[in-house]
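K.L.:
Just the structure for this:
(one chain, ligands or ions: 1)
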Amino acid sequence: MTIQTNTTRADDSPIRLVVHGGAGTITRSKLTKELEQAYTQVLAQSLTAGHAVLEAGGSSIDAVIAAIVVMEDSPLFNAGKGAVFSNAGRIELDASIMEGSTRMAGSVAAVTTIRNPIRAANAVMTKSAHVMLMGQGADAFAAEMGLEIVDPSYFYTQFRWNQLQKAIAEERLMQDHDVVPDTPQPQMDKKRGTVGAVALDRHGNLAAGTSTGGVTNKRFGRVGDSPVIGAGTYADNHSVAVSATGTGEIFIRTVAAFNTAAQVRLQHIPIIEAADNTLAEIAALGGDGGLIVLDAKGNYAMRFNTRGMYRGTIGSDGIVQVGMFAADDRAVSTSNSHDTR
Ligand code: ASP
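P.N.:
Numbering: from 1, shown residues only. This is a model prediction of the structure:
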């Protein structure tokens, strides 16, 4: 399968942030000009928010959180405010974060009331003795930690509700025709909108984070790769920081984020090649998606084997670059980019 983007740069910049907003069937013909602009704007906001942290000497963890919170608060992405619905008409959010110098990590799965699950993942990492909390316990923990709790209705968007109704109708149709008699089929193959970020701070520390609503029409407490350390998220200063998006079950089975990091650390494989190897393994098992990868020198890669991936990066020059479609990175000037040069 062709890997459709080719974006990596080695530069001497001491800071770097790379974000993604999901990979999938993202093509020019499927996006209106207005939507394209809206995505560009939120990706740029996310990048400038994280960059401001790094520029001020803040940590890569804080930059990852700042970048992801912007996307979680936007209805455009399948994370936080714009999350997809489960079969039961519920929002169940997953998120994880990892720090590269200590390899400390935190994650939450299937939470329903936390406005910014990435903050909850960070609280698990920094304020609990655990790595992963799920369900009501995780919601209660976040409340105890003073994080913003919202009524589940906060996450309702008409667009996602319609997506669920369509998925249920399609599933019924397939069952009526005995295509998949007993197997519930969540929406695996559509445009996705999981969000993630990887950052390198001035102190040479890497961090990675990922946040998602999972897949439309998911059932039985399904949890994907995003909150699974090593699958959806990984960071180690000795190799790379990685955030993934795609067919979660297959990213878990290929341990996608760690797989990529292990190739870099143990086999000294260049990061583009490592990401492509992982995506090839995923494709061979019937999955697809994308990976953002960043090493401690500031080399980065944004790779995907889908039609497109919402993505962007910013370094110490403060220039915001955003891409969506294959082979389509371009500079976007924002007022912030001038301030931070
Ligand atoms: N990987 C996510 C999940 O399976 C979905 C996505 O990235 O679009 O939950």
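K.L.:
Which residues of this structure lie near the ligand?
P.N.:
22, 192, 194, 212, 214-215, 224-226, 245-246, 248, 251 (C-beta under 6 Å from any ligand atom). For every residue, glycine as well, the C-beta is placed using N, CA and C.
K.L.:
just checking, which of those residues belong to strands?
P.N.:
G22, T212, T245, G246 (DSSP state E).
K.L.:
among those residues, who's most crowded?
P.N.:
T245 (34 neighbours; other C-beta atoms under 10 Å).
K.L.:
Could you check how far it is from V18?
P.N.:
13 Å (C-beta to C-beta, to the nearest Å).
K.L.:
cool, and H51?
P.N.:
Using C-beta to C-beta, which is the criterion applied here, H51 is 11 Å from V18.
K.L.:
swap in A143?
P.N.:
With C-beta to C-beta as the criterion, A143 and V18 are 32 Å apart.
K.L.:
Quick check on these two: which one has the bigger neighbour count.
P.N.:
Remark: of A143 and V18, V18 carries more neighbours, 28 against 14, as counted by other C-beta under 10 Å.
K.L.:
Let's see the pLDDT reported for the closest residue to F155 other than its chain neighbours.
P.N.:
Spatial nearest neighbour of F155, excluding adjacent residues (C-beta to C-beta, 6 or more residues apart in numbering): I91 at 4.1 Å. In this prediction, I91 carries a pLDDT score of 97.
K.L.:
list the contacts for I91?
P.N.:
Going by C-beta atoms under 8 Å, 6 or more residues apart in numbering, I91 touches A83, V84, F85, T112, P152, F155, Y156, G213.
K.L.:
go with 7 Å
P.N.:
Neighbour list for I91: A83, F85, T112, P152, F155, G213 [criterion: C-beta atoms under 7 Å, 6 or more residues apart in numbering].
K.L.:
Need the nearest residue in space to the third one, chain neighbours excluded.
P.N.:
On the basis of C-beta to C-beta, 6+ apart, the spatially nearest residue to T112 that is not a chain neighbour turns out to be P152, at 5.4 Å.
K.L.:
what does the first one give?
P.N.:
Counting by C-beta to C-beta, 6+ apart, G213 is the residue found nearest to A83 once chain neighbours are left out, at 2.7 Å.
K.L.:
what do you get for the second one?
P.N.:
Taking C-beta to C-beta, 6+ apart, and ignoring the residues beside it in sequence, F85 has L164 as its nearest neighbour in space, at 4.1 Å.
K.L.:
could you give me the average pLDDT of the strand or helix carrying that neighbour?
P.N.:
Under the criterion of DSSP states H and E, L164 resides in helix 158-176. Helix 158-176 shows a mean pLDDT of 91.
K.L.:
ok, and what's touching the helix or strand just after it?
P.N.:
Going down the chain from helix 158-176, the next helix or strand is strand 195-200, by DSSP H and E. Strand 195-200 is touched from outside by 15-22, 50, 54, 60, 63-64, 67-68, 71-72, 77, 79, 206-211, 241-245, 292, 294, 296, 298, with contacts defined as C-beta under 7 Å, 6+ apart.
K.L.:
Next, check those residues against the strands and list the overlap.
P.N.:
Per DSSP E, those map to strands at 16-22, 206-211, 241-245, 292, 294.
K.L.:
and those residues, which are buried?
P.N.:
16-22, 206-211, 241-245, 292, 294 (16 or more other C-beta atoms under 10 Å).
K.L.:
and A138, what element?
P.N.:
helix 135-144.
K.L.:
And the contacts of that helix?
P.N.:
So helix 135-144 is contacted by V108, A110, V111, T112, T113, I114, A120, A123, S128, L133, I149 (C-beta under 7 Å, 6+ apart).
K.L.:
ok, of the ones in strands among the residues of the chain next to the ligand, which one's closest to A95?
P.N.:
Nearest to A95 among these is T212, at 7.2 Å by C-beta to C-beta.
K.L.:
quick one, what contacts the residue nearest to that closest one when sequence neighbours are not counted?
P.N.:
In space, and not counting its chain neighbours, T212 is closest to T194: 3.8 Å by C-beta to C-beta, 6+ apart. With contacts defined as C-beta under 7 Å, 6+ apart, T194 is in contact with G22, N78, A79, T210, T212, S226, T245.
K.L.:
repeat for A257
P.N.:
G230, A231, G232, T233, Y234, V242, A244.
K.L.:
M309 now?
P.N.:
H20, G22, A23, I26, G290, M302.
K.L.:
likewise Q263?
P.N.:
I269, A274, N277.
K.L.:
so which strand or helix has it?
P.N.:
With DSSP H and E as the test, Q263 turns up in helix 256-267.
K.L.:
That helix to strand 195-200, inter-axis angle?
P.N.:
30 degrees (axes from the mean of the first three to the mean of the last three C-alpha atoms, to 10 degrees).
K.L.:
in helix 256-267, what counts as buried?
P.N.:
Quick answer for helix 256-267 (16+ other C-beta under 10 Å): A256, A257, F258, N259, T260, A261, A262, Q263, V264.
K.L.:
Kindly export it (C-alpha atoms) in PDB.
P.N.:
What follows is helix 256-267, C-alpha atoms only, in PDB (Å, rounded to 0.1, in the frame of the first residue of the first chain):
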ATOM      1  CA  ALA A 256       1.800   0.500  17.000                       C
ATOM      2  CA  ALA A 257       3.300   3.300  18.900                       C
ATOM      3  CA  PHE A 258       5.900   1.200  20.800                       C
ATOM      4  CA  ASN A 259       6.500  -0.900  17.700                       C
ATOM      5  CA  THR A 260       7.600   2.400  15.900                       C
ATOM      6  CA  ALA A 261       9.700   3.500  18.900                       C
ATOM      7  CA  ALA A 262      11.400   0.000  19.200                       C
ATOM      8  CA  GLN A 263      12.500   0.100  15.600                       C
ATOM      9  CA  VAL A 264      14.100   3.400  16.100                       C
ATOM     10  CA  ARG A 265      15.700   2.500  19.400                       C
ATOM     11  CA  LEU A 266      16.800  -1.100  18.800                       C
ATOM     12  CA  GLN A 267      17.400  -1.200  15.000                       C
END
